[in-house]
Structures are given as C-alpha cells and as structure tokens.
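*Asks:* return atomic coordinates for the entry below.
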Amino acid sequence: MNHNAASPVAERELVLVTGISGSGKSVALHALEDAGFYCVDNLPPELLPEFLKLERARADRAVRRLAIAVDVRSAASLPHLLPLLDRLREAGVQVRSVFLDASTEALVRRFSETRRRHPLGKDGAEPLERRAGQHGHRALTEAIELERELLADLREVCTVLDTSQLRPAQLREWMRQLVQASGGALTLVFESFAFKYGVPLDADLVFDVRVLPNPHYMPGLQTLDGRNPAVASYLAQQPEVGEMLGQIEAFLARWLPDFERDQRAYLTVAIGCTGGQHRSVYFAEQLAQRFQARGATLVRHRELGAS
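*Replies:* Predicted structure coming up:
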C-alpha cells in the first residue's frame, strides 16, 4: 500500500486516556508505555494536531503507537477535544478513548492514603483530603463531583473502566487487553463481579445470577472458582443454569447488531453473583466462548485478582 503525502496519518494509532483524578491514569499510561506506546501525560488538546505533525516529521519516519493522557487539568480546552477527535478519525487516525472511573468512596480513600491534592482544590490551600473533620471530607467530595460534571460529555464517548475494586496489576492487564483487541468491530467484554462489592461503573448490561444454585455450599467446591472443571460441571448439570445462560445468549445475539450500528467500540456485559467467585465467573467464561466466533471478546473477573 502506498502511503503518500495525501494520507500522512493513515496508520496512526492514538489511545486517549482520561478520567477522574485518582482513578489510575498514571498506572494505565505506564501499562501502555510497557506495551510499546509513546506516551505523553497532560497534553493540552489544542496541541494534539501539532504533536501529530511533529510525529510525522520525525527523521526515522517510523510509525509509533501513541497514547496521551488528558484530564481536568486541561478543563478549559476540553470542549475542543471531542470535535478534534472526530477530525482525527476522519483523517485516518485510529482513535481509542478510555475513561477511568471509580466510586467517590474509593477516590476519597485514595486521596487520603496518598495525601495528594485534588486538582480542583484551591491553589495554595491545604490539600482538601488533609483538612480535619467532616468539612474536609465534604470539600473533597464536592471537588470530585464537580470533576464528574466537567468530564461528563467526554465520558459518554469513551470506553469506561471502573477501577474502584482493581489493584494496579489488574488495571495494567485490563489496559493491555483493551489495546490488543481489534480496533474494527465492536469488542464484547464479559465481566464477572460480586454484588456485595457494588455493580461495575463501566457495565453497559448487568445480569443477576444470584437466584441460581450456589456451588459455594457444595462440599469441595467452596474454595474453587467458576473456571474450575468441578464447579463448571456442577453448574452445567443445573437445568435453570442452562436456561438462563441460553436466554442471556439469545438476548445478546438479538441486540448486538443494534449496538454495532450505534458505533460502539466496546460493550461490557457484567454478570454478578454474591461473591463473584463461582456463578458469575462461569457465566462470563461460557458467554465468551459462545460469542468468540463473532469477533473480539474479552473476559474479566473483578474479584479473582490479576489472573
């Protein structure tokens, strides 16, 4: 294929990492760097076109995979970002946008542990998270909610990752999965979780399998998880498990074409049970197998660690 001056960015790949402060953008950016991306943190959006021009003009002419992090520190420029991303896609740049989110409770805890200042805290003031008493907690919470409002439009067009319950190793692995998935058709993500730890913020569809027989109460199965053949065999023998699995499969098969026509890059299907160990894990694995033939499919188990 001839890549001439008329299509100077035809092979460019750009990953935009954004999200709420404290949600793990630095960890995500480091994961992309380890995956071979050239990463730039907090690049003002208005400088992005010039940055890409400089990339094209590099002496070695080698095409690099690029990743930039944009957050509320560039709040004044955010209204220009969405139209800019559209223009880049029209110019042939493969753009993937990832928005990292977390519950307010998790964010408050992280700011308290790291003693970092929230970027929307007043300059020169004592960090919001270190102010004593209830007022300090309220001030930090208000800053987080203001940040959510400022980034709401950007969140709507991004693939959302909920990092509330994730360890850094899990986030690094999930970021690697995202950038390795096909950049063309919609990517299906099946995620197991425990309701007692909250529904994932990044879920597009949520299915509750807590009404099904629980292997936790079967001798010898309590310490295993839904990937284990013994657990899988037990669940496969339960008629109601097969019935619900078939119904979820039929629902997804019916509506996936509509999600694809909606120009989505990812669709996250979250399956929850009580502890996130047996039933939800089994369902995520089974559904991923059944839809693997249609294209890119990812499986995540939030409560099982970075495996």
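*Asks:* for the residue of the chain most remote from its centre, give me its contacts.
*Replies:* Distance from the C-alpha centroid of the chain peaks at Pro219, with 36.1 Å (CA atoms, centre = their mean). Contact analysis of Pro219 by CB atoms under 8 Å, 6 or more residues apart in numbering lists nothing. C-beta here means a position set from N, CA and C on the backbone, and glycine is covered the same way.
*Asks:* next: the one 5 residues further on.
*Replies:* Leu224 makes contacts with 215, 230-231, 278, as judged by CB under 8 Å, 6+ apart.
*Asks:* which of the helices or strands spans the residue farthest from the centre of the chain?
*Replies:* Taking DSSP states H and E as the criterion, no element holds Pro219; it sits outside all helices and strands.
*Asks:* for it, give me phi and psi.
*Replies:* According to degrees, to the nearest 10, the main-chain angles of Pro219 amount to phi -60, psi 130.
*Asks:* over to Ala102?
*Replies:* When quoted as degrees, to the nearest 10, the phi and psi of Ala102 stand at phi -160, psi 160.
*Asks:* what about it, neighbour count?
*Replies:* Here the number of neighbours of Ala102 (other CB atoms under 10 Å) works out to 24.
*Asks:* didn't it look like it was pressed against Ile20?
*Replies:* Yes - here Ala102 reaches Ile20: they are 6.3 Å apart, a contact under CB atoms under 8 Å.
*Asks:* what ranges does the chain have for its strands?
*Replies:* Taking DSSP state E as the criterion, the chain carries its strands at 13-19, 38-41, 65-69, 94-101, 159-162, 187-194, 205-208, 266-273, 297-301.
*Asks:* reformat the ones you listed as a markdown table; add mean pLDDT, mean neighbour count and distance to Leu146.
*Replies:* Listed next are the strands of the chain as a markdown table, based on pLDDT from 0 to 100; neighbours: other CB atoms under 10 Å; distance: least, CB to CB, whole Å:
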| stretch | mean pLDDT | mean neighbour count | distance to Leu146 |
| --- | --- | --- | --- |
| strand 13-19 | 90 | 23 | 15 |
| strand 38-41 | 90 | 15 | 22 |
| strand 65-69 | 89 | 22 | 20 |
| strand 94-101 | 90 | 21 | 15 |
| strand 159-162 | 90 | 22 | 19 |
| strand 187-194 | 94 | 24 | 28 |
| strand 205-208 | 97 | 16 | 28 |
| strand 266-273 | 94 | 24 | 26 |
| strand 297-301 | 93 | 20 | 30 |
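*Asks:* and these as CSV, adding distance to Pro49?
*Replies:* As requested, the strands of the chain are arranged in CSV below (distance: least, CB to CB, whole Å):
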stretch, distance to Pro49
strand 13-19, 11
strand 38-41, 14
strand 65-69, 12
strand 94-101, 13
strand 159-162, 23
strand 187-194, 28
strand 205-208, 36
strand 266-273, 26
strand 297-301, 31
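*Asks:* could I get the contacting residues of Ser280?
*Replies:* For Ser280, the contacting residues are 192-194, 209, 226, 271-273, by CB under 8 Å, 6+ apart.
*Asks:* rerun at 6 Å
*Replies:* Taking CB atoms under 6 Å, 6 or more residues apart in numbering as the definition of contact, the neighbours of Ser280 are 192, 209, 271-273.
*Asks:* next one: Ala57
*Replies:* By CB under 6 Å, 6+ apart, the contact set of Ala57 is empty.
*Asks:* for it, give me phi and psi.
*Replies:* Given degrees, to the nearest 10, the pair of backbone angles that Ala57 has is phi -90, psi 0.
*Asks:* how about the helices in this protein?
*Replies:* Shown for the chain, the helices assigned by DSSP state H span residues 25-34, 48-56, 78-90, 104-114, 133-156, 168-180, 229-236, 239-261, 279-291.
*Asks:* now do the second one: distance to the chain's middle.
*Replies:* Averaging C-alpha positions (CA atoms, centre = their mean, to the nearest Å) puts helix 48-56 26 Å from its chain's average.
*Asks:* with the fourth one instead?
*Replies:* In terms of CA atoms, centre = their mean, the gap separating the centre of helix 104-114 from the centre of its chain is 19 Å.
*Asks:* which parts of it are buried?
*Replies:* Neighbour-count burial for helix 104-114, with 16 or more other CB atoms under 10 Å as criterion, is recorded at 106-108, 110-111.
*Asks:* show me what that helix is packed against.
*Replies:* Using 3 or more CB pairs under 6 Å, 6 or more residues apart in numbering; DSSP states H and E as the contact criterion, the elements in contact with helix 104-114 are helix 133-156.
*Asks:* so for the helix it packs on, what's the average pLDDT?
*Replies:* Mean pLDDT, taken over the full extent of helix 133-156, equals 79.
*Asks:* mind listing what's buried along that helix?
*Replies:* Neighbour counts over helix 133-156 (16+ other CB under 10 Å) mark 136, 139-141, 143-144, 147, 151, 154-155 as buried.
*Asks:* go on, stretch 156-176?
*Replies:* Residues 158-166, 170-175 are the ones in stretch 156-176 that count as buried (16+ other CB under 10 Å).
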